[in-house]
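S.K.: Predicted model follows, preceded by the sequence.
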Amino acid sequence: MMAVSSACKDDKMGMDNGKYVRYTPEQVEALERLYHECPKPSSLRRQQLIRECPILSNIEPKQIKVWFQNRRCREKQRKEASRLQAVNRKLSAMNKLLMEENDRLQKQVSQLVYENSYFRQQTQNATLATTDNSCESVVTSGQRHLTPQHQHPPRDASPAGLLSIAEETLTEFLSKATGTAVEWVQMPGMKPGPDSIGIIAISHGCTGVASRACGLVGLEPTRVAEILKDRPSWYRDCRAVDVLNALSTGNGGTIELLYMQLYAPTTLAPARDFWLLRYTSVLEDGSLVVCERSLNNTQNGPSMPPVQPFVRAEMLPSGYLIRPCEGGGSIIHVVDHMDLEPWSVPEVLRPLYESSTLLAQRTTLAALRQLRQISQEVAQPTVTGWGRRPAALRALGQRLSKGFNEAVNGFTDDGWSMVESDGIDDITILVNSSPSKIMGTTLTYANGFPSVSNAVLCAKASMLLQNVPPAILLRFLREHRSEWADSSIDAYSAAAVRAGPCTLPLSRSGNFGGQVILPLAHTIEHEEFMEVIKLESMGHYREDMIMPSDIFLLQLCSGVDENAIGTCAELVFAPIDASFSDDAPLLPSGFRIIPIESGVDASTQNRTLDLASSLEVGPAGSKASGDYLSRCGSAKSVMTIAFQFAFEIHLQENVAAMARQYVRSIISSVQRVALALSPSRFGSQVGLRPPPGTPEAQTLARWICQSYRCFFGEELLKSVGEGSESILKTLWHHSDALMCCSLKALPIFTFANQAGLDMLETTLVSLQDITLEKIFDDHGRKTVCSEFPLIMQQGFACLQGGICLSSMGRPVSYERAIAWKVLDEEENAHCVVFMFINWTFV
């Protein structure tokens, strides 16, 4: 054993019967050559080596066997030492980050303690004050002490004025990245560690939404800055960044004026744009800083007029602090701080624009993941994914995501124009016949047949989901395609990238027996992966459809981890030709599911809901209504669906009708699947949101049940415990949709149970924005108008089944409806209740 251990340390020593054998350089070279070909040769291979190499003829096979054992031992030790050194460097850098974070937190604690004692002192002084003027002076003096008014030097669009703005941006950014300018709290579900992506935090109580990350990457600072500046390459929501002007500063920095556009994540909200100043400089300690902020009128800097249809959002001082790390690589601090103007979207969607968690997932973490991915590819260059390099696969993923975002947004400057609706505005149809859009579908392929499609049609819609985890729903859609997809539509879509011509699909003209998922690539943390889907055909197509039997789709999937907080789940796919070239035409379609309420992010939940109610479009909300919603809110998400079809322009009307019918059938399938995946409304109460617990709501629930018993002679709730709270809880979870309508000239809804909110696709806060006439079609409005006097006279009425509309314009069918007058304790009419029985989305 001593001999073996010694031999393991000496490159040129062997052993035979306990005696050392010294090899010549020529012999070592020959053995090394074989080792690189085969680290563990067999006995026959070693004997063959002795025969082929005369210089090894005087060495016994046993000695050669020991040499290879020792060589493998040294290689294993070398790799382990290298790994431990890398881990040690990473832990040292992580320890440095944690120490800096600890110092920052200690400063924040000290500041909070000081402010607490200061406010306590001021409160005592205010208690002793005897006049209103003295109280006012105490309060204002405290405000002046805590928030001193800085006198900004005069600034304009000149280089000196821009440099002044840039230096101020740098100072404010550094105070957020390493100081206490923002109160940071650890993002739920993200814990630091040697294998984690970094230290992730979100803001608490600041203007807008903000997130911060600290991490380690194996790239040099200049390379890191280059990657992060190219925002469209890693930020999937970024449509474009244009550098309109650039100038150098005297301190070696660079100032750039940027115009940036972001895609809207759903069809229900407008896109955002930014007018920015970006400042790149090097600090005295050698750290590289790239910081940005919006330019607005208050800074007297250069201005940019509004651009339709974008909403001008504001980026508060944000950026990247990149410090060289000992032993190579970089330590990076990322800060994203934005005000996304939530007032411009419907109230139910405002949590999307008020969630720091969502900002961290889609922006801050995306930057770190891109850096880690490229760092790994540089350290371990490999060819994966059917012979493609990682950069080529990333480009394909970027094209899929960009194509889907373009379809969801449908910008006119991209050539999209809207098609007139068929009378029901649940599906939006857009057409694009611009050369840039259809260029990818008019190429000539190896089979010699050019595609004849000369336009692209997009059918898109959005829907609200309740109590369905986005990751579970998306995983079902991915693994059970046959539950929602139509094989004939898949065949028609695939024809756009194959030999033309192709005709409109007939019902089930081909039958796909199943799908085969072929893995292609995935990111380091497996949060996103690319795959090829093979749809296997078990039938035959008509002779005039020039199609092979199998269809292939390139698919991008992300957000399938149920434990990730605030993660957007996406499933985007596009038919591909058998050649599958890097520049193949792609017409992406798919699904995007974004959580819009998170019960886990308790640190920001109340602030978000209160802010949403106070920014309500129309009548001003109140804090009470925000709290009201926070107590009854459930897990909500918004799903956006977009499907694209290449077609011949003269078939536009037929293709539009087909696309509408197909997307409506998908919506119906998704609703059915979502209902099956969500907690049952008819059984267990697990997962259901609690009813609003205010005394007013409990009193109203009691009046509703008493009035129903008075007019119909039976109980509305078959089994219920005693007490108003029990009545409210049972009424809240009633399977039929109940809605209370005010007795005004223009009746509005004042209360609804959970089923009623689901049917209207709204929340209790925004319910009061919906009038009675909005939910009915023309026939329904006439029926209600004719029956309303009867309701007020005899106290109730029965309505025939029909169609009504949700707040998002989706048609809802109901078997029948009952309306009755609600009487208060003094038997005065308080409101009217409508109960829709056996309702379902059409």
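M.R.: Cool, the structure landed. Numbering: from 1, shown residues only.

S.K.: quick one: the helices in the stretch 551-700 of the chain?
M.R.: For the stretch 551-700 of the chain, the helices defined by DSSP state H, counting those that start in this stretch occupy 602-614, 623-632, 652-677, 695-712.

S.K.: quick one: low-confidence parts of the stretch 701-842 of the chain?
M.R.: For the stretch 701-842 of the chain, residues meeting the criterion pLDDT under 70 lie at 719-724, 765.

S.K.: which residues in the stretch 101-250 of the chain form strands?
M.R.: For the stretch 101-250 of the chain, applying DSSP state E, counting those that start in this stretch gives strands covering 184-186, 199-203, 209-217, 238-248.

S.K.: Of the ones you listed, which is nearest residue 369?
M.R.: For residue 369, the closest of those is strand 209-217, at 9.8 Å, according to C-beta to C-beta. Quick note: C-beta positions are derived from backbone N, CA and C, even for glycine.

S.K.: in its sheet, what does the closest one sit against?
M.R.: Strand 209-217 pairs in its sheet with strand 199-203 (antiparallel), strand 330-339 (antiparallel), by DSSP bridges.

S.K.: other SSEs contacting whatever helix or strand comes next after the longest one?
M.R.: What that stands for is strand 330-339. The helix or strand immediately downstream of strand 330-339 is helix 350-353, counting by DSSP states H and E. Using 3 or more C-beta pairs under 8 Å, 6 or more residues apart in numbering; DSSP states H and E, the elements in contact with helix 350-353 are helix 602-614.

S.K.: again, only this time at 10 Å
M.R.: helix 356-359, strand 589-595, helix 602-614, strand 636-647 (3 or more C-beta pairs under 10 Å, 6 or more residues apart in numbering; DSSP states H and E).

S.K.: Could you tell me the least trusted of those?
M.R.: Between the helices and strands packed on helix 350-353, the one with the least mean pLDDT is helix 602-614; it has a mean of 33.

S.K.: I'd like the strands paired with strand 209-217 as TSV, with mean pLDDT, distance to residue 651 and mean neighbour count appended.
M.R.: Converted to TSV, these look like this (pLDDT from 0 to 100; distance: least, C-beta to C-beta, whole Å; neighbours: other C-beta atoms under 10 Å):
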stretch	mean pLDDT	distance to residue 651	mean neighbour count
strand 199-203	88	49	25
strand 330-339	94	43	25
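
S.K.: As CSV, these with distance to residue 796 would be great.
M.R.: Listed next are those as CSV, based on distance: least, C-beta to C-beta, whole Å:
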stretch, distance to residue 796
strand 199-203, 51
strand 330-339, 50
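
S.K.: So which of the strands of the stretch 101-250 of the chain is nearest residue 661?
M.R.: strand 238-248 (30.6 Å).

S.K.: List the pairing partners of the closest one within its sheet, with orientation.
M.R.: strand 254-262 (antiparallel).

S.K.: what mean pLDDT does the strand it pairs with have?
M.R.: 95.

S.K.: can I get the CA coordinates of the helix or strand just after it in PDB?
M.R.: The helix or strand immediately downstream of strand 254-262 is strand 272-282, counting by DSSP H and E. Only the C-alpha atoms of strand 272-282 are listed here, as PDB (Å, rounded to 0.1, in the frame of the first residue of the first chain):
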ATOM      1  CA  ARG A 272     -44.800  50.200 -22.100                       C
ATOM      2  CA  ASP A 273     -42.000  52.300 -23.300                       C
ATOM      3  CA  PHE A 274     -39.100  54.200 -21.600                       C
ATOM      4  CA  TRP A 275     -37.000  57.300 -22.400                       C
ATOM      5  CA  LEU A 276     -33.800  56.600 -20.600                       C
ATOM      6  CA  LEU A 277     -30.300  57.900 -19.900                       C
ATOM      7  CA  ARG A 278     -27.700  55.200 -19.400                       C
ATOM      8  CA  TYR A 279     -24.300  56.000 -17.700                       C
ATOM      9  CA  THR A 280     -21.400  53.600 -17.900                       C
ATOM     10  CA  SER A 281     -18.300  54.400 -15.700                       C
ATOM     11  CA  VAL A 282     -15.500  52.900 -13.700                       C
END
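
S.K.: Do a quick rundown of the strands in the stretch 451-600 of the chain.
M.R.: Under DSSP E, counting those that start in this stretch, the stretch 451-600 of the chain gives strands at 455-466, 512-522, 528-537, 551-558, 569-575, 589-595.

S.K.: which other helices and strands contact the third one?
M.R.: This means strand 528-537. helix 365-379, helix 390-409, helix 487-494, strand 512-522, strand 551-558, strand 569-575.

S.K.: again, only using 7 Å
M.R.: helix 390-409, strand 512-522, strand 551-558 (3 or more C-beta pairs under 7 Å, 6 or more residues apart in numbering; DSSP states H and E).

S.K.: buried stuff in it?
M.R.: 528-533, 535, 537 (16 or more other C-beta atoms under 10 Å).

S.K.: Next, the angle from it to helix 487-494.
M.R.: If you take axes from the mean of the first three to the mean of the last three C-alpha atoms, to 10 degrees, strand 528-537 sits at 110 degrees to helix 487-494.

S.K.: Report the contact partners of residue 517.
M.R.: 531, 533 (C-beta atoms under 7 Å, 6 or more residues apart in numbering).

S.K.: how about the helices of the stretch 1-150 of the chain, start to end?
M.R.: Counting by DSSP H, counting those that start in this stretch, the helices of the stretch 1-150 of the chain are 2-9, 25-37, 43-52, 61-128, 132-146.

S.K.: one step back: with mean pLDDT as extra columns, can I get the helices and strands packed on strand 528-537 in JSON lines?
M.R.: Listed next are the helices and strands packed on strand 528-537 as JSON lines, based on pLDDT from 0 to 100:
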{"stretch": "helix 390-409", "mean pLDDT": "91"}
{"stretch": "strand 512-522", "mean pLDDT": "75"}
{"stretch": "strand 551-558", "mean pLDDT": "91"}
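
S.K.: Now do the residue nearest the centre of the chain against residue 524, distance only.
M.R.: Most central in the chain under C-alpha atoms, centre = their mean is residue 568, positioned 2.9 Å from the mean C-alpha point. In this view, residue 568 and residue 524 are 19 Å apart by C-beta to C-beta, to the nearest Å.

S.K.: same thing with residue 244?
M.R.: To residue 524, residue 244 is 35 Å away according to C-beta to C-beta.

S.K.: ok, now residue 480?
M.R.: 28 Å.

S.K.: Low-confidence ranges, the stretch 451-600 of the chain, go.
M.R.: 451-453, 496-514, 537-549, 565-566, 597-600.

S.K.: The stretch 701-842 of the chain: strands as residue ranges?
M.R.: Remark: strands assigned in the stretch 701-842 of the chain by DSSP E, counting those that start in this stretch are 737-741, 749-752, 796-805, 811-823, 829-837, 840-841.

S.K.: Could you export those as CSV, including mean neighbour count and distance to residue 284?
M.R.: CSV is the format used below for the strands of the stretch 701-842 of the chain (neighbours: other C-beta atoms under 10 Å; distance: least, C-beta to C-beta, whole Å):
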stretch, mean neighbour count, distance to residue 284
strand 737-741, 23, 65
strand 749-752, 22, 61
strand 796-805, 17, 63
strand 811-823, 19, 64
strand 829-837, 21, 69
strand 840-841, 16, 62
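
S.K.: In a markdown table: the strands of the stretch 101-250 of the chain, plus distance to residue 701.
M.R.: Below are the strands of the stretch 101-250 of the chain laid out as a markdown table (distance: least, C-beta to C-beta, whole Å):
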| stretch | distance to residue 701 |
| --- | --- |
| strand 184-186 | 37 |
| strand 199-203 | 37 |
| strand 209-217 | 37 |
| strand 238-248 | 48 |
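
S.K.: quick one, which of the ones you listed is nearest to residue 74?
M.R.: Nearest of those (C-beta to C-beta): strand 209-217, 29.2 Å.

S.K.: Show residues contacting that closest one.
M.R.: Taking contacts as C-beta under 7 Å, 6+ apart, the residues outside strand 209-217 that touch it are 90, 93-94, 97, 176-177, 182, 184, 197-203, 224, 325, 329-338, 340, 354-356, 359-360, 364-365, 368, 371-372, 375.

S.K.: Go through the strands of the stretch 701-842 of the chain and name the closest to residue 28.
M.R.: Per C-beta to C-beta, nearest to residue 28 of the strands of the stretch 701-842 of the chain: strand 840-841, 76.2 Å.
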